[in-house]
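S.K.: Pasting a predicted model and its sequence here:
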Amino acid sequence: MDDDAKADKRAENTLAEIAHSVGLKDIAFQYEPIAAAFDYESQISHSKREELVLVVDIGGGTSDFALVRLGAERARKAERRDDILASGGVHIGGTDFDKYLSLASVMPTLGLGTRLQSGLEIPSAQFFNLATWHTINLAYTKKSWTQISELHRSAVEKTNLSVCRTWCASGAGHWLAMQVEAAKIALSDAAEATMDLGRIAPGETLALCTGPTSTVLSAAW
């Protein structure tokens with residue numbers, strides 16, 4: 001997916017070591033969408049009909065696809081390379097939805113979009129770090145704390161940035177990301193959802209609703 005053969009090999013070796021450590025002996029790896037196709041094939045092995053199957057694997061950080069020819073007769077073949085007609089993927093997954101929901105709803109309550117005394121908008125890098133799962137740790141660093149503190153001194157509205165500093169100092173960014181994910185899931189089945197923000201500000205919530213502009217119904221600190 002990343003065209004990084006060394007990184008892929010390291011990941012595979014790590015998984016193999018873990019499998020060996022729990023007693024597994026014969027270990028083989030397969031790409032997820034291909035493995036899913038073969039699992040489906042095992043369920044239709046009673047049928048003589050051949051199928052052309054598009055497998056869509058939407059994961060946390062990527063979405064992968066495979067077009068595979070399946071059937072009972074083909075399942076008996078030792079080599080299946082010719083049955084995999086196409087495969088590919090994109091760096092778009094569930095965490096992307098989480099990030100943009102966080103940027104649209106939670107991060108403005110922490111200062112995103114507010115102004116400095118110079119009239120310029122507050123730089124957004126720290127908010128993107130907090131909203132993006134694999135960069136949240138960057139928000140916990142001393143450098144991040146120093147930058148947010150400097151912005152706080154120059155901000156027109158200081159309250160929200162004070163809360164942002166508290167989030168970063170407490171290392172609660174991953175907890176916040178999980179609240180965003182839970183709200184996303186809830187909004188899949190309902191028009192409104194309430195996000196728990198009580199870890200930093202006891203009793204505080206953020207109410208969200210679905211709609212053309214993803215309106216924030218309420219947010220208070």
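M.R.: That came through fine.

S.K.: So Ile27 versus Ala16, what's the distance?
M.R.: Distance of Ile27 to Ala16, computed by C-beta to C-beta, to the nearest Å: 6 Å. Just so you know, the C-beta spots here come from the backbone N, C-alpha and C atoms, and that holds for glycine as well.

S.K.: now swap in Pro202 and tell me
M.R.: 46 Å.

S.K.: ok, now which ones touch the residue of the chain most remote from its centre?
M.R.: The centre of the chain is farthest from one residue, Lys48, which by C-alpha atoms, centre = their mean lies 39.8 Å away. By C-beta atoms under 8 Å, 6 or more residues apart in numbering, the contact set of Lys48 is Gly71, Ala72, Glu73.

S.K.: Quick one: end-to-end length of stretch 182-197, please.
M.R.: 12 Å (C-alpha to C-alpha, to the nearest Å).

S.K.: Kindly report the same for stretch 53-64.
M.R.: One end of stretch 53-64 sits 14 Å from the other (C-alpha to C-alpha).

S.K.: Need the contacts of Lys48 in TSV (columns: neighbour count).
M.R.: Shown next, in TSV, are these (neighbours: other C-beta atoms under 10 Å):
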residue	neighbour count
Gly71	18
Ala72	15
Glu73	9
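
S.K.: so of the residues you listed, which ones are in helices?
M.R.: Ala72, Glu73 (DSSP state H).

S.K.: if I look at Thr159, how far off is Thr194?
M.R.: Distance from Thr159 to Thr194, by C-beta to C-beta: 22 Å.

S.K.: actually Phe38, not the one I wrote
M.R.: With C-beta to C-beta as the criterion, Phe38 and Thr194 are 42 Å apart.
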